[in-house]
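[1] sequence first, predicted model second:
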Amino acid sequence: MNIEDYREYCLSYNESPKHWIGINPATAPDELLKELTRNSYEIVKAKYKKRKEKV
């Protein structure tokens, strides 16, 4: 997924657009919301797993 393809649905209100995007769920396609949610979950899960292995 390239976020530039969906720029019209994004709201830039954070200082770091590299790490944060704002999405208007009323206008964004459902598939975009699902993909962003899944990607976010996978990133957090991977970081948690690495941290848990260190303990």
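    Received the coordinates, thanks. All figures in this text were calculated on a predicted structure; none of them were measured in a lab.

[2] flag the shaky bits of this protein, pLDDT-wise.
    For the chain, the stretches with pLDDT under 70 are 1-4, 6-19, 55.

[3] quick one: the helices in it, in order.
    30-54 (DSSP state H).

[4] what sits against residue 43?
    Under the criterion of CB atoms under 8 Å, 6 or more residues apart in numbering, residue 43 has no contact partners. Placement of C-beta: from N, CA and C, glycine included.

[5] same thing with residue 38?
    No contacts exist for residue 38 under CB under 8 Å, 6+ apart.

[6] gap between residue 38 and residue 53?
    For residue 38, the distance to residue 53 equals 23 Å [CB to CB, to the nearest Å].

[7] in stretch 31-50, what counts as buried?
    For stretch 31-50, the buried set under the neighbour-count rule, 16 or more other CB atoms under 10 Å, comprises 32, 36.

[8] pull the CA atoms of that stretch into CSV?
    What follows is stretch 31-50, C-alpha atoms only, in CSV (Å, rounded to 0.1, in the frame of the first residue of the first chain):
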residue,chain,number,x,y,z
GLU,A,31,-10.4,-1.7,2.6
LEU,A,32,-8.0,1.1,3.4
LEU,A,33,-9.2,1.2,7.0
LYS,A,34,-8.8,-2.6,7.3
GLU,A,35,-5.3,-2.6,5.8
LEU,A,36,-4.1,0.3,8.0
THR,A,37,-5.5,-1.4,11.1
ARG,A,38,-3.9,-4.8,10.2
ASN,A,39,-0.6,-3.1,9.5
SER,A,40,-0.6,-1.3,12.8
TYR,A,41,-1.5,-4.4,14.7
GLU,A,42,1.3,-6.4,13.1
ILE,A,43,3.9,-3.7,13.9
VAL,A,44,2.8,-3.6,17.6
LYS,A,45,2.7,-7.4,17.7
ALA,A,46,6.3,-7.7,16.3
LYS,A,47,7.6,-5.1,18.8
TYR,A,48,5.9,-6.8,21.7
LYS,A,49,7.3,-10.2,20.7
LYS,A,50,10.8,-8.9,20.5
